[in-house]
Every structure is written in structure tokens, then in C-alpha cells.
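> Take this sequence and fold it.
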Amino acid sequence: MVKRILLISICYVIIIVTTTLTVDPASDAFLLIILISGLVFSFLLGRELYKKYFAGFKPKEQHLSYTDSGGGNLIQISKKPFLFGLEKKLLSDDEFYFDNTHFYAVNANSQTAKFNLEDITEISRTDVRINNSSIWQVKINHENKELTFKFAHNYTIWNKGFLEFYERVKTINPAGIKSDWSLWRM
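Numbering: from 1, shown residues only. The predicted structure follows:
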């Protein structure tokens, strides 16, 4: 990615320098070349950054087997942040809950997919933030497949559900914790 950005930048500089040296600055062609090359450079740079940070960020369709059975005392650990519809391209579609022994993914029809907490192989913070909330990912080994769920935590002063989940998984599988919890980097 860095090589492509560097190559795009060098081409842009060459176009600007060549235009400045060869085209009369008072002509309309000068302004048009500068404007078009700037727009093309911005588009190419934005495309490279999108491919690096956002393309493929949302987990693929994982074909989970949902059931209509709900749990008893489930503690919610996720929320849906608002980013003008872009959050749908970044986050898993489910809401996430846990209890003492299981992790639950609840779809829009209130059906649940249930996983053992022991099957969680990774909890990590991603580099993406929406509305000042870090996006976290949970990876689960389920039937010899790795499932990935991405969500914004719901930690607040009054709701410590995500922190309880984090601490519970940390006691069960300390090697699965890839990002340290910090109140300053939630």
C-alpha cells in the first residue's frame, strides 16, 4: 500500500511540476490541468486508503444456525453506533450477549446462535472508531471454522457488561485476549 501511495504521489508531483513549467499560468488550461489532476490524485489516494482500512472489514456471511430459544439472564455487550448507514458496512448485523458459560449472537428476528465461552480464541480492539467507541472483534472456533464478530461495546459508567464479558473470557482463556482493556482506550 505504501509503495502504491508513493507512486501515485510521485506521478502527481511530476504532473504538477510539468504543468507549472510548460503551461502558461494565466491560461484556462493551467487551472483545468491542476484541478483535474488534484481530483484524480484525491480519488486514487482515497481508494487506496479505503482498500487498506475498510474493504473486507465487515465479517463475511457466516451461515450461523439460529434457534428461537432465548437465554435467561443475558447481559448485552454491544450497541449499534450511528454513522449515517456506514456502520452497516463495518459491523456484524447481530446484537451480542453473554452469560456465565455462553456467548450469544442475536439476529434481527430475535433468534439466537449460542457459543461456549471456551471456544473464544480472540478478543481484540480494531483500529476503527465510530462515535468515539472502539470497534472490537471476537473470534470463535466453531465446528472447525473461525467465526468473526465485530461490534461497538456498550460500556458506560452504569453499564459494565462488556467489561464483565472481557474479564470472564480473560479468566477462561488468557491467551485469547489480544488487546488490553483500558478506560482511556475504550
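
> ok, then the element right after the longest helix along the chain?
Ranked by residue count and defined by DSSP state H, the top helix of the chain is helix 28-53. Downstream of helix 28-53, the next assigned helix or strand under DSSP states H and E is strand 75-76.

> partners of that next one, with directions?
strand 95-98 (antiparallel) (DSSP bridges).

> which other residues reach the partner strand?
With Cβ atoms under 8 Å, 6 or more residues apart in numbering as the contact definition, strand 95-98 has outside contacts at 71, 74-78, 80, 103-106, 117, 138, 149, 151, 161, 164-165, 168. In short, each C-beta sits where N, CA and C put it, glycine included.

> From the chain's centroid, how far away is it?
In this view, strand 95-98 has its centroid 17 Å away from the chain centroid, taken as Cα atoms, centre = their mean, to the nearest Å.

> right, and the helix or strand after that strand?
That would be, after strand 95-98 and using DSSP H and E, strand 102-106.

> Could you tell me whether residue 8 really is in a helix?
Yes - Residue 8: assigned to a helix according to DSSP: H, G, I helix; E, B strand; the rest coil.

> Give me the spatial nearest neighbour of it, chain neighbours excluded.
residue 44 (5.0 Å; Cβ to Cβ, 6 or more residues apart in numbering).

> what's the pLDDT at that neighbour?
Here the pLDDT value assigned to residue 44 is 89.

> Any figure for the gap between residue 148 and residue 20?
49 Å (Cβ to Cβ, to the nearest Å).

> again but with residue 137, I slipped
Distance of residue 137 to residue 20, computed by Cβ to Cβ: 47 Å.

> in this structure, which ranges drop under the pLDDT threshold?
Counting by pLDDT under 70, the ranges of the chain that qualify are 1, 53-62, 70-71, 82-83, 85-89, 181-186.

> Excluding covalently adjacent residues, which one is nearest to residue 172?
Leaving aside its sequence neighbours, residue 172 sits nearest to residue 117 (Cβ to Cβ, 6+ apart; 5.4 Å).

> Now do the phi/psi pair for the closest residue to residue 72 other than its chain neighbours.
The shortest distance from residue 72 to any non-neighbouring residue, by Cβ to Cβ, 6+ apart, is to residue 99 (7.2 Å). Residue 99 has phi and psi values of phi -130, psi -160 when expressed as degrees, to the nearest 10.

> Confirm for me that residue 99 is in contact with residue 76.
No - with contacts counted by Cβ atoms under 8 Å, residue 99 stays clear of residue 76, the gap being 11.1 Å.

> name the element the residue nearest to residue 33 when sequence neighbours are not counted belongs to?
Leaving out its chain neighbours, the residue that sits closest to residue 33 by Cβ to Cβ, 6+ apart is residue 19, at 4.8 Å. Using DSSP H and E, residue 19 sits within helix 2-22.

> okay, now the domains of the chain?
Here the domain parsing of the chain from automatic domain parsing is 2-53, 75-185.
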